[in-house]
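# Any chance you could fold what I've pasted below:
(chains A, B and C)
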Amino acid sequence: MVRKLHVQTAINGETVEFLCEPRQSLLEVLRDELHLTGAKEGCNNGNCGACSVILDGRLVNSCLVLGVEIDGKSVETIEGVAEPEKLHPIQDAFLENAALQCGICTPGFIMSAKALLDKNPNPTEHEVRYWLAGNLCRCTGYDKIVRAVLDAASAT
Amino acid sequence: MSENKEYKVIGTRPIRHDGVDKVTGRAIYGADFQITGLLHGRVLRSPHAHAKIVSIDTSRAEALPGVKGIVTAQDLPAAEDKMADLGEGAVNLKYLCDNILASDKALYKGHAIAAVAATNPHIAGEACTLLDVEYEVLPPVLEVRQAMEPDAPILHDNIRTSSLGETGEKPSNVASHLQHKKGDIEKGFTEADVVIEREFVTGTVHQGYIEPHNATALYNPDGQLTVWCSTQGAFTVREQLAEILQYPISKIKVVPLEIGGGFGGKINVYIKPVAALLAKKTGKPVKVLMNRADVFEGTGPTPASYLTIKIGATNDGKITAAQTSLAFEAGAYPGSPVGAGAMCVFAPYNIENVLIDGYDVVVNKPKTAPYRAPGATNAAFGTETVIDELAETLNMDPLEIRLKNGAKEGDRRADGPVFPRIGFIETIEAAQEHPHYTSSNGKKHHGRGVASGFWFNIGLESSVTISVNPDGTVNLVEGSTDIGGTRASIAMQAAEVLGIPAESVNPTVVDTNSIGYTAVTGGSRTTYATGYAAYEAAQDVVKQMKARAAKLWDVDEDNIQFADGEFSSINGKEEQISFRDLSAKLSQTGGPVVGRATMNPAGAGGAFATHVVDVAVDEETGKVEILRYTATQDAGKAIHPSYVEGQIQGGVVQGIGWALNEEYIYNDEGEMTNASFLDYRMPTCLDLPMIDAVIVEVPNPGHPYGVRGVGEVPIVPPPAAIANAIYDAIGVRMTELPMSPDRILKALGKI
Amino acid sequence: MQEFEYINAKTVSEAVTLLDEKGDKARILAGGTDLIVQAREGRRTLDWMIDIKSIPEVNELSYDSNTGLTLGAAVPCYQIYADDAVCNAYPGLVDATIIIGGTAIQGRAGVGGNLCNASPAADCIPPLIVLNATCVIAGPNGEREIPSEDFCTAPGQTALEKGEMLVSIKIPAPQQNSRSYYLRFIPRNEMDIAVVGAGAAIVLDEAKQRIISARIALAAVAPTPLYAEEASALLADREISDTAIDEAAQAAQNIARPISDMRGTAEQRTHLVGVLTRRALNGAIQRVKDDAA
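Numbering: from 1, shown residues only, chains lettered A, B, ... in the order given. This is a model prediction of the structure:
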């Protein structure tokens, strides 16, 4: 058996330490070791975006990052987006626009949208669609998701 | 959309009750479930499309450290060739069991052969590679027309074609042949001035939900089996488990967790019985998850099909006769949705003379499962394309010919039922008046197409209880898993009755021990039937609350009236109390109030849609862009219009994917070569414009608020509408799905 | 997934020593967007992943208008297209970096990884070829450089010898009146692998009427990305004309040896080589013309 490695990282602003096997992805570590199950596995090969998280300020698919790679880095997940008493404007916009049906892709879309709006607070519809193209949704046809992100942009 | 004058809650757009959990990542889906002592299971799948299983040697896998248990078909109770009753129709038990774990033959690549439970998923996966299975590889048959040939490889030696009451003599891949007749088909074609007959082929497509199948099972020493999972119907899972495991239904509890999409694909069970077998063998809870390739290769797609459509009309556009032959791939075991396709194929039109033949054919592909209006999209692709061609030949507007022949109340479908009040004509009129249809689409290589569609919708059983809280809110307990916002649409119907805001209803989806039988979330039935049950349960609450008011005021119950959330006394004392204030007085008037209702309503009312699409075709590359899309649909009454629009938009986009790129691509050995989201090519948001959903409301007489199911019909028109738009753009009729760039280039003669 | 050890190398020599020691059971981990999937799906067996992202040289991204670009092997796509100097000098390379995967993939995947993965359909390789990029390789015997068109040798195979790793990619500074362009054909608008890809770089005369020289490269039509030498040569010292461009497109089609697979048929690919070569050339020419005089 390959020995587990010690990793120290910051997740949603909190210092976190864990042991993991090199073969465990960041997604597996978040879900199975840290019980942060907001990031979802839809494809496990970077083609659906359901596992999107922000790593050192950059949007990534957590299924394509090894858990050991986040040593010394910072990770933002869906669990860290809302404040205790208040949702993030993107979350509010998703609810007000009915931008989710089954909801399985929603955490990934919100992380992706957050990464976009953090960088470009005033995107066009095309920029939103281009940025979110790595996130698959099978329920909504994307119409209300795109509207929610545009609404969130104008609200902030 | 109509003005919302008569209702306070119905027709408004409240925030869904489960919304905050779902935007914060807190909602617990099947794969998120954790329990102490959990083992992880993985399934070994057949690498061959058609093979005899000669032997399975588990010894090397068993020796791997961390492996705790291995199961094969030997661990399933011996399945006889008997029929299992699953509520929605009988199924051959041996087929049902063999699809869980193959006993004698692997019938498709991806067919489950064995499963391993281990201390972590990586070890379970590694153990699967150490299972030694000896196969005797057989030639596969992968296409419905080939499977119908007399010398085709036979999947099941015991299948004899059942055809209109007769049974064939020789083994065949054609499991059954059905027929619907109306009028005199020969006479109908004789009366026609124009007859058009075309052949169509559609590819195998998957539901494509983002959440893979999952199941966690635990056997307690007392024999109680609990299964936590994502499913469209906890009760159907319980029934299937009881049949497959030959286990008492009373000892099985199914706990539905949040579900990440289904579209019909999460009704059949796959790994739930496997998790149960592994749990029994190991004495520990076992979680089995599929990966994406497992989902594509091991769970139900919707069938590929081959159909012929022949329609005749007089010069003034009156359709006189319509005939079809529908051959659907069932996959490895009988049971394609050809029956539903046959019900829908000509349903939108009132045609005097109709002949419909349907064939259910087994092939070496995964056993098909329902997918959003199953069978109807395949059928409509043919019908709606031929209608378009008829309109062109007769020099008629394509919506005009639909208006002239469109079905109305009192018209009879070829398969028997007579339509109640339906809204097909209204959807055509809404499309005609829409600025999309009245605008020009003048550019070169741009085209516009229209198509309509029908889905019959279903009713079936639903149970709801409502208990009243002292603060005037209520807790609503239901058995319908919520895939797209039905907690809200069901709660709103109760809220309307009780005169309270939607937010004052707390809906909860519960397990099979905690509510009366409730059929699947499917068939566009949930807002209709479970909503109806919520309406009736709320009426029961009102009735009981009236008795409390009567007691409070010491008057006869008949003297209590309830309106606008207020109870009042008539005939005598002038008393009035709000629902909320009366809720605070329950303990002093006799104790808790719990309303209940169970329903099995028959009047689901059919759903119709008419779509308009503009496309641009790149004639050099064969690529089709969707420029504009408008979908009109009769929703009966839209309870929560946002989620009705969402159903329409989502269905349209699945239809666009089906039309343009989605398909199972097979090599000659019967291996799917694109079993990933990368190569299966579902639409991304960059492939689409906004989808304009136009809700038409022609109330369904079979529901107190006029609800019709809305979920399924939006997928039906898109492939035909897009084919018609492509024809308008480039003058070529596409008759095969998907209309992918290479097929367009071929049709144009470029390659 | 198979078991493997993870090592976070801090210097090129450490990584090279490890690679030399472990042989083909060791793989370099940069963005990981191909490697992790290949290891997970059993398409590549390995015992060691050597993470190079802590090595300074592989993170270098520097442009000098005289000497050109040094692009470290682990620089992810998003850093490339966020760099104004790179966008200005090498638009054809930027075309490729903004279409690889989705936004989240571009947060990790880079040009160096795209090269080392050696997919015939790699989007970044045709632009590197047309831009005359060279690959800087470190190994047990020191550094060497090879032209980018020689880097891939077969699907998944490269010119890297035992113990060698790609450190960086060098691209010469663009000439006067020159521009590059890359495009691919995919059935969707994002998230697909190229059915065919075509890159072009073009140098025009002062008047922007005459082609001084051109380079054309193709993806997904042969076991490796291809430099279309004859097609490129056909355009040298020619007036810009549809005829010249059609001739080049035809010559590019002549060298395509595509296969049929789930992403496209051989006939479709051969046809698309013509279409995309024309579009790539016209795109590059238009870019020169759009440049301020």
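# from chain C, which residue is nearest to chain A?
In chain C, the residue that lies nearest chain A is residue C:102 (2.0 Å; CB to the nearest CB). Heads up, the C-betas are built off the backbone N, CA and C, glycines and all.
# Apart from its neighbours in sequence, what residue is nearest that residue?
Nearest residue to residue C:102 in three dimensions, chain neighbours excluded: residue A:134, at 2.0 Å (CB to CB, 6 or more residues apart in numbering or on different chains).
# Can you get me a residue count around that neighbour?
Residues near residue A:134, counting by other CB atoms under 10 Å in any protein chain shown, number 27.
# Surely it is in contact with residue C:103?
Yes. Taking contacts as CB atoms under 8 Å, residue A:134 lies within contact range of residue C:103: 5.5 Å.
# Name the residues contacting each of these two.
Residues touching both residue A:134 and residue C:103 comprise residue A:112, with contact defined as CB atoms under 8 Å, 6 or more residues apart in numbering or on different chains.
# can I see the domain layout of chain C?
Following automatic domain parsing, one gets these domains for chain C: C:5-51, C:58-171, C:178-290.
# and the helix or strand harbouring residue B:465, what does it pack onto?
Taking DSSP states H and E as the criterion, residue B:465 maps to strand B:462-468. Judged by 3 or more CB pairs under 8 Å, 6 or more residues apart in numbering or on different chains; DSSP states H and E, strand B:462-468 is in contact with strand B:474-478, helix B:486-498, helix B:531-553, strand B:594-599.
# switch to 7 Å and redo it
Under the contact criterion of 3 or more CB pairs under 7 Å, 6 or more residues apart in numbering or on different chains; DSSP states H and E, strand B:462-468 touches strand B:474-478, helix B:531-553, strand B:594-599.
# Return the most buried member of the ones you listed.
Neighbour counts (mean count of other CB atoms under 10 Å in any protein chain shown) averaged over each of the helices and strands packed on strand B:462-468 peak at strand B:474-478, with a mean of 24.
# pull the CA atoms of that strand into CSV?
The C-alpha trace of strand B:474-478 is given here as CSV (Å, rounded to 0.1, in the frame of the first residue of the first chain):
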residue,chain,number,x,y,z
VAL,B,474,-48.8,23.0,7.7
ASN,B,475,-46.5,20.1,7.2
LEU,B,476,-47.2,18.3,3.9
VAL,B,477,-45.9,14.7,3.6
GLU,B,478,-45.7,13.2,0.2
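# where does chain A have low pLDDT?
By pLDDT under 70, the weakly predicted segments of chain A are A:1, A:156.
# Tell me who's in contact with the residue in it that chain C sits nearest to.
Nearest to chain C, among the residues of chain A, is residue A:134, at 2.0 Å (CB to the nearest CB). The contact partners of residue A:134, by CB atoms under 7 Å, 6 or more residues apart in numbering or on different chains, come to A:49, C:101-105, C:191.
# between the residues you listed, which is closest to residue B:533?
residue A:49 (36.9 Å; CB to CB).
# Quick check, residue B:500 in contact with residue B:579.
Yes. If you go by CB atoms under 7 Å, residue B:500 and residue B:579 touch, sitting 6.0 Å apart.
# okay, and the common contacts of the two?
B:472, B:565.
# roughly how far apart are residue B:430 and residue B:630?
Here the criterion is CB to CB, to the nearest Å. By it, residue B:430 lies 9 Å from residue B:630.
# Give me the common contacts of the two.
Both residue B:430 and residue B:630 are in contact with residue B:694, where contact means CB under 7 Å, 6+ apart.
# who touches the strand holding residue B:465?
For strand B:462-468, the external contacting residues (CB under 7 Å, 6+ apart) are B:474-480, B:494, B:515-519, B:529-530, B:533-534, B:537-538, B:541, B:583, B:586, B:592-599.
# separation between the residue of chain A closest to chain C and residue B:320?
Distance check for residue A:134 against residue B:320: by CB to CB, it reads 52 Å.
# Write out the residues of chain C neighbouring chain A.
With CB under 7 Å from any CB of the partner chain as the criterion, chain C comes near chain A at residues C:1-6, C:32-33, C:36-37, C:40, C:49, C:51, C:78, C:101-105, C:107-108, C:190-191.
# List phi and psi for residue B:70.
Main-chain torsions, residue B:70, degrees, to the nearest 10: phi -130, psi 140.
# re earlier: what would the helices and strands packed on strand B:462-468 look like in a markdown table with mean pLDDT and distance to residue A:15?
Conversion of the helices and strands packed on strand B:462-468 to a markdown table gives the following (pLDDT from 0 to 100; distance: least, CB to CB, whole Å):
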| stretch | mean pLDDT | distance to residue A:15 |
| --- | --- | --- |
| strand B:474-478 | 98 | 40 |
| helix B:531-553 | 97 | 47 |
| strand B:594-599 | 98 | 49 |
